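Q: Next come a sequence and a model predicted from it.
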Amino acid sequence: MSENVVHLHKPTDPPTNDTAPTVLTVVPDAPPAPPVPLWVRSGRAVKSAVTHETTKTTVRAVARHSLYTLNGGRIVARRTWDGRTGARYERMIRAAEAAGNLEAAEEWEERLQRFRAARHHRRMDLLHSPVEAAKGVAVGAGMSIGVLVALGIVMAINNGDVKDVITPLSATIDFIALLMRIVQVVWGPALTIGPFLALLALWGVGRHQHAAPQWALPANIRSGEGEPITPSIVVKALRDLGIAPLKNAIKEMGDAGASMLSPITIAGCGVEVDVTLPSGVSTNEVQSKRRKLAENLTRHEHEVFITIPPAARTVRLWIADSGALDEPIGPSPLVTDETMTANYKTGKAPWGQDLRGDSAELSVYQRHLLITGRSNQGKTASLRALALWLALDRSVQFWLGDLKGVGDWAMFDGIADVLIQGPTDEHVIQVTEMVEAAVAEMNRRTEARLVDPNAVFPPLIVLVDEAQVAFMCPAVDDEKRPYGGSKATSRYFMAVRKIHNQGRAVDVLMWQGTQDPTDQNLPKLVREGAHTRASLVLGTESQSRMALGDKAVDDGAAPHLLRQGLDKGTLVVASDGIVMAKGQSSITVRTHFIDDEPAAEIAERAKALRDGATTLRAVDRGEERDPLADVAAVIGDTARLRTDEVLKRLHALDTAVYREWNNGRLKRLLEEHGEEPKKSHGVMVVRRDDVARALANRDADGSASAAE
Ligand SMILES: Nc1ncnc2c1ncn2[C@@H]1O[C@H](COP(=O)(O)OP(=O)(O)OP(=O)(O)O)[C@@H](O)[C@H]1O
């Protein structure tokens, strides 16, 4: 009996085995939804009909074609009016005045006067013309009849038939009658279809000019995708920028707003046009509206570049063909031309293409370099492309620190004299010592130059990739001096600063690649010490200012407007080592990408050109110095030398060793050998004889202890 019972509650205990009865639960039906009132349903139906895509398309098409005809009529009427009156001249005068170009205004004024004088002349002529015209018709008709009769006489004489005298005349009359018949027949239908043909013609004009509101135009024109840039598109885009004085001036000018523009020229994969702004509109007002301008031109923001040419009140627009910047550029000539060599002094590295499609080449001669950019955007690749080219000049030495250390620079093994690869503090210490050794080398060269002003040295490129790792390194040395940071005691920072200050003249050059600049990971003095500054995409305008400097950004450089991921390898470069249009302070370069494999091949070619360098994994600090002998050497023949001058000379002799030396340390050295600095005329000095005695005593002690 119990198996026939259907429980109306949920069992709380789970069934214990497979034989447990299936429990069915009765779920009551949901209550029927209340009926929707008729007016709501009708409203919904109307809404869905009105908002349906087909309805929208139909409404758009009807509106568009009607407006084409209407506006076509307006355009034709205006053209006719312009042709017959001085309206066009007056408009040009207003445009020239609005643009502040009084010379052009005067010229148009003169033309208007000439036009009016000529029109007056024609009108005066018309007053006399009916009589003249009647006379002309009478004379013309008489002459024609005379000619026809003369022709008839010739025919009559020829045929011997007097009737032929009027044959040409009657044939002409018949012909005229025939024409009249044709006109009579055609006239009726022409009267009927004539207006339609006229409307069709007006529609054609309107359609050609897209003379309908934006919303009514077909989708492809509405989006403007791929549309060529014409003066009227540029003027319209400027008018709608939201700059009131510009808008008013263009309104004043009407169609003649195009007079603000230079001819639109093809420039690489886009077009270029200079816009002379009307008075009251500043160039940076237009520059700050780049996105809006780009959208008004139916382009993406990154496809429009606004720079400031030398001419006053002028902005230069470069507008890419839609999507053209997304096309890859070809391979590097370094890859395709296996015979290529380089020349540090006179050559230029084939880096990529500028936006005009011209090849962008960089001279690296006596220029410190800094490349910044967000992670994974092509910083190492663009820095390496320059180094690979320069490696093809066998005279150039490389000391290289890669603080990422995943092998991006491995192909320089055998080219570079020093190659340090790795991201740890230990690597930062080695890289710092490498840069300090370069400072010592620089000092040695400077000294040598003092002795021989014509001394020439092989270029030494001190390259640190991922330099932010060094600036952010927390390690400190035995004397508590930090390797990282940007204090006066920070070792990496100070070494870079010294090379920036003095390295150029003796061809010791600092090249750094660094990520996402901040004041901490790229101190101000370091970023401003580079002659060539280049940046890949960055996050903010303030970072762009750090990367390229205020001047370049104020003049339109905008790496923060490049697109992360999409513009890999595109650099904004501020340098005098690259050709750019006059007055421009930066240029956008799309670099050739050289992948690891071709990079290794280029490196092999470079090695073949060189005798083969033994690459060190850390800098050799050289033999142990003998400070007392060094003091004697820097004093030379001078009887006494101020202690600060002794320290300066020691420092120049070997920066790495004597960097931390001060008066106290010098005093200790002399005291260790039974001498001390003395006062002379109120200043502390070291005397040559004291040092010589100390040396002699030391040598005597040394030989005595050896003898024992
Ligand atoms: N010129 C270029 N054109 C196209 N793609 C490029 C270009 N340069 C680099 N890339 C692409 O970007 C990737 C990253 O390049 P790279 O390692 O040079 O970036 P990075 O900025 O040094 O990165 P990291 O964050 O590691 O420092 C490359 O593997 C390559 O796919």
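A: Perfect, thanks for sending it. Numbering: from 1, shown residues only.
Q: can I assume A96 is in contact with E252?
A: No: contact criterion Cβ atoms under 8 Å: A96 and E252 do not qualify, at 10.3 Å. (Glycine included, C-beta is placed from N, CA and C.)
Q: give me the number of residues near A448?
A: 13 (other Cβ atoms under 10 Å).
Q: how about it, what does it touch?
A: A455, F457 (Cβ atoms under 8 Å, 6 or more residues apart in numbering).
Q: same thing but at 7 Å, please
A: Counting by Cβ atoms under 7 Å, 6 or more residues apart in numbering, A448 touches A455.
Q: That one and E441, how far apart?
A: Distance, A448 to E441, using Cβ to Cβ, to the nearest Å: 10 Å.
Q: which secondary structure element contains the closest residue to T55 other than its chain neighbours?
A: Residue nearest to T55 in three dimensions, not counting chain neighbours: A49, with 6.2 Å by Cβ to Cβ, 6 or more residues apart in numbering. Following DSSP states H and E, one finds A49 within helix 38-51.
Q: Look through the stretch 501-650 of the chain and state the residue closest to the ligand.
A: G569 (2.0 Å; Cβ to the nearest ligand atom).
Q: which residue sits closest to that residue, ignoring its sequence neighbours?
A: G378 (3.9 Å).
Q: Would you mind confirming that that neighbour is in contact with K568?
A: Yes: under the criterion of Cβ atoms under 7 Å, G378 makes contact with K568 at 4.7 Å.
Q: domain assignment for the chain?
A: The record's domain split for the chain, according to automatic domain parsing, is 47-222, 224-323, 353-609, 627-707.
Q: can you redo these as CSV with distance to L24 and mean pLDDT?
A: Output for the domains of the chain, formatted as CSV (distance: least, Cβ to Cβ, whole Å; pLDDT from 0 to 100):
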stretch, distance to L24, mean pLDDT
domain 47-222, 42, 86
domain 224-323, 62, 87
domain 353-609, 58, 94
domain 627-707, 90, 82
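Q: Out of the ones you listed, indicate the one that is most buried.
A: Greatest average neighbour count among the domains of the chain goes to domain 353-609 (a mean of 20), per mean count of other Cβ atoms under 10 Å.
Q: How far does that domain stretch from one end to the other?
A: End-to-end distance for domain 353-609, by Cα to Cα, to the nearest Å: 27 Å.
Q: Kindly report the residues of the stretch 351-500 of the chain close to the ligand.
A: Contact residues (Cβ under 6 Å from any ligand atom) of the stretch 351-500 of the chain with the ligand: G373, S375, N376, Q377, G378, K379, T380, A381, K404.
Q: phi, psi of the spatially closest residue to the third one that is not a sequence neighbour?
A: For N376, the nearest residue in space outside its immediate sequence neighbours is K568; the separation is 7.8 Å by Cβ to Cβ, 6+ apart. The phi/psi pair for K568 (degrees, to the nearest 10) reads phi -60, psi 140.
Q: K568 contacts K379, correct?
A: No: at 9.9 Å, K568 does not count as touching K379 under the criterion of Cβ under 7 Å.
Q: Which residues outside stretch 276-293 are in contact with it?
A: Outside stretch 276-293, the residues touching it (Cβ under 7 Å, 6+ apart) are 98-100, 237, 241-243, 245-246, 249, 260, 301, 304, 306, 308, 313-315, 556.
Q: Can you tell me which residues in the stretch 551-700 of the chain are near the ligand?
A: K568, G569, T591, F593.
Q: who touches the residue nearest to G569 in this structure?
A: Per Cβ under 7 Å, 6+ apart, neighbours of G378: L536, K568, G569, T591.
Q: And for W511?
A: L369, L383, I461, L463.
Q: what about V335, helix or strand, and which?
A: helix 333-336.
Q: Now do that helix, average pLDDT.
A: Averaged across helix 333-336, pLDDT comes to 95.
Q: Could you give the separation of it from the chain centroid?
A: Remark: helix 333-336 is offset 24 Å from the chain centroid, using Cα atoms, centre = their mean, to the nearest Å.
Q: Next: stretch 122-134.
A: Distance, centroid of stretch 122-134 to centroid of chain: 65 Å (Cα atoms, centre = their mean).
Q: okay, which residue is most central for the chain?
A: T588 (3.6 Å; Cα atoms, centre = their mean).
Q: Give me the residues contacting the helix or strand hosting that residue.
A: Using DSSP H and E, T588 sits within strand 587-591. For strand 587-591, the external contacting residues (Cβ under 7 Å, 6+ apart) are 305, 329, 351-355, 360, 378, 382, 385, 569-573, 578, 580.
Q: what's the answer for stretch 149-162, then?
A: D164, V165, I166, T167, P168, L169.
Q: Could you pull up the residues touching the fifth one?
A: Taking Cβ under 7 Å, 6+ apart, we find P168 in contact with L148, L151, G152.
Q: repeat that for 8 Å
A: P168 sits in contact with L148, V149, L151, G152, M155, where contact means Cβ under 8 Å, 6+ apart.
Q: Could you tell me which of these are located in strands?
A: If you go by DSSP state E, the contacts of P168 have nothing in strands.
Q: Turn those residues into a markdown table, columns for distance to A216.
A: Formatted as a markdown table, the contacts of P168 follow (distance: Cβ to Cβ, whole Å):
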| residue | distance to A216 |
| --- | --- |
| L148 | 60 |
| V149 | 65 |
| L151 | 63 |
| G152 | 65 |
| M155 | 67 |
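Q: could you dump these to JSON lines with distance to the ligand?
A: What follows is the contacts of P168, written out as JSON lines (distance: Cβ to the nearest ligand atom, whole Å):
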{"residue": "L148", "distance to the ligand": "84"}
{"residue": "V149", "distance to the ligand": "89"}
{"residue": "L151", "distance to the ligand": "84"}
{"residue": "G152", "distance to the ligand": "89"}
{"residue": "M155", "distance to the ligand": "88"}
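Q: what separates the helix or strand that the helix holding A49 is followed by from the chain centre, distance-wise?
A: Note on helix 38-51: by DSSP H and E, the next helix or strand toward the C-terminus is helix 53-84. Distance of helix 53-84 from its chain centroid, counting by Cα atoms, centre = their mean, is 40 Å.
Q: Summarise which helices and strands helix 53-84 is packed against.
A: If you count contacts as 3 or more Cβ pairs under 8 Å, 6 or more residues apart in numbering; DSSP states H and E, helix 53-84 packs onto helix 167-208.
Q: Between helix 53-84 and the helix it packs on, find me the angle.
A: Interaxial angle of helix 167-208 relative to helix 53-84 (axes from the mean of the first three to the mean of the last three Cα atoms, to 10 degrees): 130 degrees.
Q: distance of the closest residue to K345 other than its chain neighbours from S544?
A: Distance criterion Cβ to Cβ, 6+ apart; nearest residue to K345, sequence neighbours excluded, is Y365 at 5.3 Å. Applying Cβ to Cβ, the value for Y365 to S544 is 26 Å.
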